[in-house]
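Undergrad: Provide a 3D model corresponding to the input given below.
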Amino acid sequence: MTIPRKGRRVVRVGDTDDAFRIRKKPTYNQAAFQTSMTLAIQPRDAVSGSVLMVDLVVSRPDNWLSPHQTAVTPAMVREMIAGALASGWQPFHATAPFFYKYPLIRDCP
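TA: Numbers count the residues shown, from 1 in each chain. Next up is the predicted model:
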């Protein structure tokens, strides 16, 4: 499984470039029931490898019940990658997706 090229952003962490992407549109559960927003991260040039799925523990800003402002910056993505690596994520080994929680603070409108 790889992250599509369209819509992804790249951040440099150490010696590798990692691509990350947040879905453009929410899933039905994310929009209607305020389930958590997720982010996918993978080494940019990896042909195969493990995808890091980050649970941001906050609803999407475009949910139907209570829209709000939330920002995900490249610095935050670097922290997510560092934390996941410390927790055992092996980005260059072809394994199942690695799940990691990174609680974001919901910005007030």
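Undergrad: name the element the spatially most central residue of the chain belongs to?
TA: Closest residue to the average C-alpha location of the chain: residue 39 at 1.8 Å, with C-alpha atoms, centre = their mean. Counting by DSSP states H and E, the secondary-structure element that holds residue 39 is strand 36-43.
Undergrad: the longest helix along the chain to strand 36-43, inter-axis angle?
TA: The helix of greatest length in the chain, counted in residues with DSSP state H as the criterion, is given as helix 74-86. Using axes from the mean of the first three to the mean of the last three C-alpha atoms, to 10 degrees, the interaxial angle of helix 74-86 with respect to strand 36-43 works out to 80 degrees.
Undergrad: sorry, back to before: and the next element down the chain from the strand holding residue 39?
TA: Scanning forward in sequence from strand 36-43, with DSSP H and E defining helices and strands, the next element found is strand 52-59.
Undergrad: what's the angle from that next one to strand 36-43?
TA: 160 degrees.
Undergrad: show me what strand 52-59 is packed against.
TA: Strand 52-59 makes packing contacts with strand 36-43, helix 74-86, strand 98-101 when contacts are defined by 3 or more C-beta pairs under 8 Å, 6 or more residues apart in numbering; DSSP states H and E. For glycine as for every other residue, the C-beta is placed from the backbone atoms N, C-alpha and C.
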